[in-house]
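J.: Predicted model and sequence follow; I will ask about them next.
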Amino acid sequence: MNMIYERDLRSMKLLILKGTRQDEAVLSLANRLDISRQQMRKILIAGCDMMTLENIGPRLEAADAAAAGTADALSIPHLTTALGLLTDAEGAAFLARAESGESVESVKKAILEVLA
């Protein structure tokens with residue numbers, strides 16, 4: 001027997017992301033990636049489980065503390081370790097592209113294509 005809540009958790013995930021602390025974290029990450037809050041919510045709802053979304057604030061704060069240089073500019077720690085939206089290998093590949101001379105903006109666009 002399939003219960004409705006087992007089939008589609010999007011509305012429940014959206015309610016979580018509308019919480020005060022979660023909304024601040026979503027807005028912060030959206031600003032880092034130069035996208036709208038709604039686009040960021042859509043990516044998070046599709047790619048994260050509910051427990052991750054509930055703890056998004058502390059996870060992103062930890063990623064902020066660990067981030068440095070080009071990885072920070074691309075939000076690699078935020079998208080890999082903190083949220084699991086990218087694998088470590090994908091994050092390393094994007095970082096290598098940026099460090100080899102490709103512009104940070106074009107790498108960000110490539111990251112968003114993978115996330116979408």
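T.: Received the coordinates, thanks.

J.: So for the strand or helix carrying Ala93, what gets flagged as buried?
T.: Counting by DSSP states H and E, the element that carries Ala93 is helix 88-99. Counting neighbours by 16 or more other C-beta atoms under 10 Å, one finds that the buried residues in helix 88-99 are Glu90, Gly91, Phe94, Leu95, Arg97, Ala98. For glycine as for every other residue, the C-beta is placed from the backbone atoms N, C-alpha and C.

J.: Where does pLDDT dip in the chain?
T.: Counting by pLDDT under 70, the low-confidence segments of the chain come to 1-7.

J.: switch to 80 and redo it
T.: Using pLDDT under 80 as the threshold, the predicted model of the chain has low-confidence ranges 1-8.

J.: Can you name every helix or strand that the longest helix anywhere in the chain contacts?
T.: Secondary structure of the chain per DSSP state H: the longest helix is helix 20-33. With contacts defined as 3 or more C-beta pairs under 8 Å, 6 or more residues apart in numbering; DSSP states H and E, the packing partners of helix 20-33 are helix 10-17, helix 37-47, helix 56-66, helix 104-115.

J.: Just the C-alphas of the longest one, formatted as CSV.
T.: Written as CSV, here are the backbone C-alpha positions of helix 104-115 (Å, rounded to 0.1, in the frame of the first residue of the first chain):
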residue,chain,number,x,y,z
VAL,A,104,34.8,30.9,-12.1
GLU,A,105,31.6,32.1,-13.7
SER,A,106,31.7,29.5,-16.5
VAL,A,107,32.5,26.8,-14.0
LYS,A,108,29.5,28.0,-11.8
LYS,A,109,27.3,27.7,-14.9
ALA,A,110,28.5,24.1,-15.5
ILE,A,111,27.9,23.3,-11.8
LEU,A,112,24.3,24.6,-12.1
GLU,A,113,23.8,22.5,-15.3
VAL,A,114,24.7,19.4,-13.3
LEU,A,115,22.5,20.3,-10.4
